[in-house]
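Asker: Predicted model follows, preceded by the sequence.
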Amino acid sequence: MKTRTLLFSCLALVFAGCKPAAQAPAEKTAETAAAPTPAKSGKPQVLVANYPLQYFAQRIAGDSVEVRFLAPKNEDPAFWQPDEAAITAFQSADLILMNGAGYSKWADKVTLPESKVVDASAAFANNLIEVRDASTHSHGPAGAHSHNGTAFTTWIDFKQASMQAQAVSDALVKLVPAAKDAISKNTESLKDELEALDDRMSALSRRLVQHPLVASHPVYHYLARRYGLDLRSVLWEPDTALDGTALSDLNAILAGHRARWMIWEGEPSKDSVEKLAALGLQSIVFDPCGNVPASGDFMTVMKTNVEAMEKAFP
Ligand SMILES: [Zn+2]
């Protein structure tokens, strides 16, 4: 773990910030306005910190609860700042599913009812990755941020994702004991799928260790640790224009790290793909899916990610 921490600590290039790919800024107003709408279902209210937890909770609980994810689609939920109405919704929820690993920066400054809060990463809290010396970068409504502190994209280690699903399941059983049987069955099915993804990525490990990789944004720490990726990172977004500065910073990494592949959070532009190809790098998308995907769901996105890796490293 120490080696991996050091590896990620020397990321020095500043370009842009984190945002989920391919989401229109215009969506923000509508989403934010919709957020405080009070629930009318009469079902227990489950508030979640990010999209993976929304997906887990909905799959596990079915329609026995109402799952609400309030972050706008065009923002990274990790750096989102909820407005007062959204904070009130969290404070009056029956269950609050937090990602843990320092994910929701806003929660440090807000008092939440402790008895309602579940840290989905608690089972592996002693095995989180600390990032140091990551540069601050900014764009979008959330302002400047850095990836210093605890790495928080916990669920792209699919073993950890499975543990998070179990934590969600345990909390839901306590909330709606009458639905226990359905919850158990749904949990097993979800965990089976997550563990199948874990098996497929683990099977790739032996080949992956032989291929130095570059990531477009420093969000792959847990993926790298579990599946043996030799990964360095720049701070690009899928829509970052690869100008001379961007490319010279990439070249500085490539000088000591002969990568042939760059991993992106979303589909890069044709121009970026061509510029990277000229440097001998191919592009591959592994979408962490922290927010709602443009199409499909958490599981289809993760299956597409793993298939892309299998194709790249046959
Ligand atoms: Zn970032």
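Answerer: Thanks, I have the structure now.
Asker: Please make it C-alpha for all contacts and neighbour counts, starting now.
Answerer: Noted.
Asker: Low-confidence stretches in the stretch 1-150 of the chain?
Answerer: For the stretch 1-150 of the chain, the stretches flagged by pLDDT under 70 are 1-40, 133-134, 138-143.
Asker: Do a quick rundown of the strands in it.
Answerer: Secondary structure of the stretch 1-150 of the chain (DSSP state E, counting those that start in this stretch): strands at 45-48, 66-69, 95-98, 117-119, 130-131, 136-138, 144-146, 149-150.
Asker: what packs against the last one?
Answerer: Right, strand 149-150. Packing contacts for strand 149-150, counted by 3 or more Cα pairs under 8 Å, 6 or more residues apart in numbering; DSSP states H and E, involve strand 130-131.
Asker: thinking again about what came up before, got CSV for the strands of the stretch 1-150 of the chain, with distance to residue 223 too?
Answerer: Below are the strands of the stretch 1-150 of the chain laid out as CSV (distance: least, Cα to Cα, whole Å):
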stretch, distance to residue 223
strand 45-48, 23
strand 66-69, 24
strand 95-98, 20
strand 117-119, 20
strand 130-131, 14
strand 136-138, 22
strand 144-146, 19
strand 149-150, 14
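Asker: and these as JSON lines, adding mean neighbour count and distance to the ion?
Answerer: Shown next, in JSON lines, are the strands of the stretch 1-150 of the chain (neighbours: other Cα atoms under 10 Å; distance: least, Cα to the ion, whole Å):
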{"stretch": "strand 45-48", "mean neighbour count": "24", "distance to the ion": "21"}
{"stretch": "strand 66-69", "mean neighbour count": "22", "distance to the ion": "21"}
{"stretch": "strand 95-98", "mean neighbour count": "24", "distance to the ion": "20"}
{"stretch": "strand 117-119", "mean neighbour count": "19", "distance to the ion": "22"}
{"stretch": "strand 130-131", "mean neighbour count": "22", "distance to the ion": "12"}
{"stretch": "strand 136-138", "mean neighbour count": "17", "distance to the ion": "6"}
{"stretch": "strand 144-146", "mean neighbour count": "16", "distance to the ion": "6"}
{"stretch": "strand 149-150", "mean neighbour count": "15", "distance to the ion": "12"}
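Asker: Which one, of the ones you listed, ends up nearest to residue 210?
Answerer: With Cα to Cα as the measure, strand 130-131 is the member of the strands of the stretch 1-150 of the chain nearest residue 210 (23.8 Å).
Asker: in its sheet, what does the closest one sit against?
Answerer: Using DSSP bridges, the strands paired with strand 130-131 in its sheet are strand 149-150 (antiparallel).
Asker: chain center to the strand it pairs with, what's the gap?
Answerer: On the basis of Cα atoms, centre = their mean, to the nearest Å, strand 149-150 sits 14 Å off its chain's mean C-alpha point.
Asker: and after that strand, which helix or strand comes next?
Answerer: helix 158-175 (DSSP states H and E).
Asker: buried sites along that following helix?
Answerer: 158-173, 175 (16 or more other Cα atoms under 10 Å).
Asker: per-residue confidence averaged over it?
Answerer: The pLDDT scores in helix 158-175 average 98.
Asker: ok, now how distant is residue 163 from the ion?
Answerer: Separation of residue 163 from the ion (Cα to the ion, to the nearest Å): 25 Å.
Asker: correct me, but that residue touches residue 121?
Answerer: Yes: assessed by Cα atoms under 8 Å, residue 163 is found in contact with residue 121 at 7.5 Å.
Asker: Three-state assignment for residue 293, please.
Answerer: What DSSP: H, G, I helix; E, B strand; the rest coil gives for residue 293 is coil.
Asker: Identify the nearest residue to it in space, disregarding sequence-adjacent positions?
Answerer: Residue nearest to residue 293 in three dimensions, not counting chain neighbours: residue 301, with 7.7 Å by Cα to Cα, 6 or more residues apart in numbering.
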